[in-house]
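>>> I need the structure of the sequence given here:
(one chain, ligands or ions: 1)
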Amino acid sequence: MKVTKTDIEDVLLIEPDCYGDHRGWFMETYNADKLNAHGINTVFIQDNHSMSAVKGTLRGLHFQNNPMAQTKLVRCTKGAVLDVAVDIRKGSPTYKKWVAVELTEENKHQLFIPKGFAHGFVTLTDHAEIQYKVDQFYSKEHDRSIRFDDESLSIDWLTEEVILSEKDQKSPLLIDSDANFIYGEI
Ligand SMILES: Cc1cn([C@H]2C[C@H](O)[C@@H](COP(=O)(O)OP(=O)(O)O[C@H]3O[C@H](C)C(=O)[C@H](O)[C@H]3O)O2)c(=O)[nH]c1=O
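Numbering: from 1, shown residues only. The predicted structure follows:
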């Protein structure tokens, strides 16, 4: 397993070992012990899986407010997505900075996104699926979204035309949201 730092501290790119042979391949998609060896000791308690039918579907930017904030371990198991994590921890040296990585069925890469970050992705293929582990249960009451095209973030989604949920079409700007993350207090 290879774990690489990104431009934002604590957002990590994980490349699990994949063992190929004449039948195909095998990989451990999650191993707590191996993550612990890289300083990742998050206890995940829920697995999520979403499928987006059409290229250009954008889900995000989402997060759950404290005390139900979620750390996420995201991977793409069908097609390809551009996965984005945005630092929304007030006082953070990388506040409003974002990291974007291509997670694909082929590269099998994973993105580790700590609490205090908004998460979103845009699909780069038709029929894209992501599966991700979270360390806190879903809470509708604490579920929040901010606009994917918030100019104060200027995220490059690589595509102009996007398909959004009704909820995401109505998301507020970060400045207008009640995101309650304070750097160092999570
Ligand atoms: C997230 C979630 C949703 N739901 C229900 C709530 C809705 O009835 C339905 C679809 O939810 P939503 O439209 O919020 O799904 P996404 O747009 O894929 O949201 C997710 O997308 C971004 C990329 C994320 O990182 C979050 O996990 C999450 O916000 O599933 C559940 O029952 N449990 C859950 O954990």
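>>> hey, let's count contacts and neighbours off CA atoms from now on
OK.
>>> okay, the residue positioned nearest the centre of the chain: pLDDT?
Residue closest to the mean C-alpha point of the chain, counted by Cα atoms, centre = their mean, is His119 at 4.4 Å. pLDDT, His119: 98.
>>> that one against His62, yeah?
Yes: counting by Cα atoms under 8 Å, His62 is a contact partner of His119 at 5.2 Å.
>>> A helix includes the residue nearest to the centre of the chain, no?
No: counting by DSSP: H, G, I helix; E, B strand; the rest coil, His119 falls outside a helix, being strand.
>>> distance of the residue nearest to Asp143 when sequence neighbours are not counted from Glu105?
Once flanking residues are discounted, Asp143 sits nearest to Gln64: 4.4 Å by Cα to Cα, 6 or more residues apart in numbering. Distance check for Gln64 against Glu105: by Cα to Cα, to the nearest Å, it reads 27 Å.
>>> higher neighbour count, these two?
The neighbour comparison of Gln64 against Glu105 (other Cα atoms under 10 Å) goes to Gln64, with 25 against 16.
>>> how near is that one to Glu102?
Gln64 is 23 Å from Glu102, by Cα to Cα.
>>> likewise for Leu164?
Where Glu102 is concerned, Leu164 sits at a distance of 19 Å (Cα to Cα).
>>> got it, and His38?
Here the criterion is Cα to Cα. By it, His38 lies 22 Å from Glu102.
>>> ok, those two, which is more surrounded?
Glu102 (20 against 13).
>>> right, and the more buried one touches Val81 too?
Yes: if you go by Cα under 8 Å, Glu102 and Val81 touch, sitting 5.8 Å apart.
>>> the ligand contacts on the chain?
Arg59, Gly60, His62, His119, Gly120, Phe121, Tyr138 (Cα under 6 Å from any ligand atom).
>>> of these, closest to Ala32?
Nearest to Ala32 among the residues of the chain next to the ligand: Tyr138, at 21.4 Å, using Cα to Cα.
>>> which element is Tyr132 on?
Element membership for Tyr132 (DSSP states H and E) is strand 128-134.
>>> tell me which other helices or strands that strand touches.
Counting contacts by 3 or more Cα pairs under 8 Å, 6 or more residues apart in numbering; DSSP states H and E, strand 128-134 packs against strand 46-52, strand 72-78, strand 80-87.
>>> that'll do, ta.
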